[in-house]
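Engineer: Take this sequence and fold it.
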Amino acid sequence: MIQVRKAAERGHFDHGWLDTYHTFSFGDYYDPANLGFRSLRVINDDRVQPSQGFGMHGHRDMEIVTYVLEGALEHKDNMGNGSIIRAGELQRMTAGTGVRHSEFNPSDKEWVHLYQIWLLPDHKGLKPSYQELALAAEEKRGRFRLVASPDGAEGSLTIHQDARLYLASLLSGQAVSHLIEPGRAAWLQVLRGSVNLLSNDLSAGDGVAITDQESVSVLAGVPSEVLLFDLA
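Structural biologist: The predicted structure follows:
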């Protein structure tokens, strides 16, 4: 069974400095039919204006993964971390007992396009921590490259949840598949381009909840990039 969440149906707010789309309920956007999917709580598709960003603010008891698609993002937190995450790179932050951080676009010319993802942790009260991952383009080309997992396998980010995140970059006409173990489910998010999944044409921003399927296979119609969540 699959359930498609079209890009145009997402919550949308244009704050001038921030143009954001919410796949699930978040902030001032509330949709009782879209509160999350299994442990996946937030998928925000954000574009931040040059020299603007999210000021210092706090979180608790959440696994936060950020993926930068275009531009760069400057991160600072009260754990002493400070760096610039560039296109193709990811960061993971375990909010745990409490963390404060800011995310800022350091460019005075280019917008930054990023995906912000929240997953519920497997238990509360974790020690806050931070991690980054830089991928070479060929690592995700034509395959699902593991980028986050509970055991940090294959050099992936370590998240405190029985979930695995994969990125795949596909050329036109290229396909990629992933097996889904019994009892698990998947969410596919199209980041760029357009793909076909089980006869459904999907475009950038579209998401799909996948349950009771033995596998997921996507075929790219144009050069595309997708993010796959394998969830308990």
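Engineer: Let me see the contact set for the nearest residue to Ala232 once chain neighbours are set aside.
Structural biologist: Of all residues not flanking Ala232 in the chain, Asp162 sits nearest, at 3.9 Å (CB to CB, 6 or more residues apart in numbering). In short, each C-beta sits where N, CA and C put it, glycine included. Going by CB atoms under 8 Å, 6 or more residues apart in numbering, Asp162 touches 39, 122, 150, 231-232.
Engineer: Do you have the helices of the protein handy? List them.
Structural biologist: All residues of the chain lie outside helices when identified by DSSP state H.
Engineer: Could you check how far the closest residue to Gly152 other than its chain neighbours is from Gln131?
Structural biologist: Leaving out its chain neighbours, the residue that sits closest to Gly152 by CB to CB, 6+ apart is Thr158, at 3.9 Å. In this view, Thr158 and Gln131 are 7 Å apart by CB to CB, to the nearest Å.
Engineer: what's the answer for Asp45, then?
Structural biologist: 22 Å.
Engineer: And the two? Which one has more around it.
Structural biologist: Asp45 (22 against 17; other CB atoms under 10 Å).
Engineer: check contacts around the closest residue to the more buried one other than its chain neighbours.
Structural biologist: Spatially, and ignoring its direct neighbours in sequence, Asp45 is nearest to Tyr21 (4.2 Å; CB to CB, 6+ apart). By CB under 8 Å, 6+ apart, the contact set of Tyr21 is 7, 10-12, 44-46, 205.
Engineer: Narrow the residues you listed to just the buried residues.
Structural biologist: Buried by 16 or more other CB atoms under 10 Å: 7, 10-11, 44-46, 205, out of the contacts of Tyr21.
Engineer: Leu126: which of the residues you listed is nearest?
Structural biologist: Set against Leu126, the nearest of these by CB to CB is Asn44 (21.9 Å).
Engineer: so the closest residue to the closest one other than its chain neighbours bridges to which residues?
Structural biologist: Once flanking residues are discounted, Asn44 sits nearest to Gln116: 4.3 Å by CB to CB, 6+ apart. Assessed by DSSP bridges, Gln116 has beta-bridge partners Asn44, Thr66.
Engineer: Gln116 contacts Thr66, correct?
Structural biologist: Yes - applying CB atoms under 8 Å, one finds Gln116 in contact with Thr66, separated by 5.4 Å.
Engineer: Extract the C-alpha set from stretch 213-232 and format it as PDB.
Structural biologist: The C-alpha atoms that make up stretch 213-232 are tabulated as PDB, following Å, rounded to 0.1, in the frame of the first residue of the first chain:
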ATOM      1  CA  GLN A 213       5.400  -3.800   0.500                       C
ATOM      2  CA  GLU A 214       8.300  -6.200   0.100                       C
ATOM      3  CA  SER A 215      10.400  -3.600  -1.700                       C
ATOM      4  CA  VAL A 216      10.400  -0.100  -3.100                       C
ATOM      5  CA  SER A 217      11.700   0.700  -6.600                       C
ATOM      6  CA  VAL A 218      12.000   4.100  -8.300                       C
ATOM      7  CA  LEU A 219      12.700   4.900 -11.900                       C
ATOM      8  CA  ALA A 220      14.000   8.400 -12.700                       C
ATOM      9  CA  GLY A 221      12.400  10.200 -15.600                       C
ATOM     10  CA  VAL A 222      15.000  13.000 -15.500                       C
ATOM     11  CA  PRO A 223      18.200  13.500 -13.400                       C
ATOM     12  CA  SER A 224      16.800  13.100  -9.800                       C
ATOM     13  CA  GLU A 225      17.600  12.700  -6.200                       C
ATOM     14  CA  VAL A 226      15.500  10.900  -3.600                       C
ATOM     15  CA  LEU A 227      15.700  10.300   0.200                       C
ATOM     16  CA  LEU A 228      14.400   7.000   1.600                       C
ATOM     17  CA  PHE A 229      13.500   6.300   5.200                       C
ATOM     18  CA  ASP A 230      13.400   2.600   6.300                       C
ATOM     19  CA  LEU A 231      11.300   2.700   9.500                       C
ATOM     20  CA  ALA A 232      10.400   0.200  12.300                       C
END
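Engineer: Nothing else from me, thank you.
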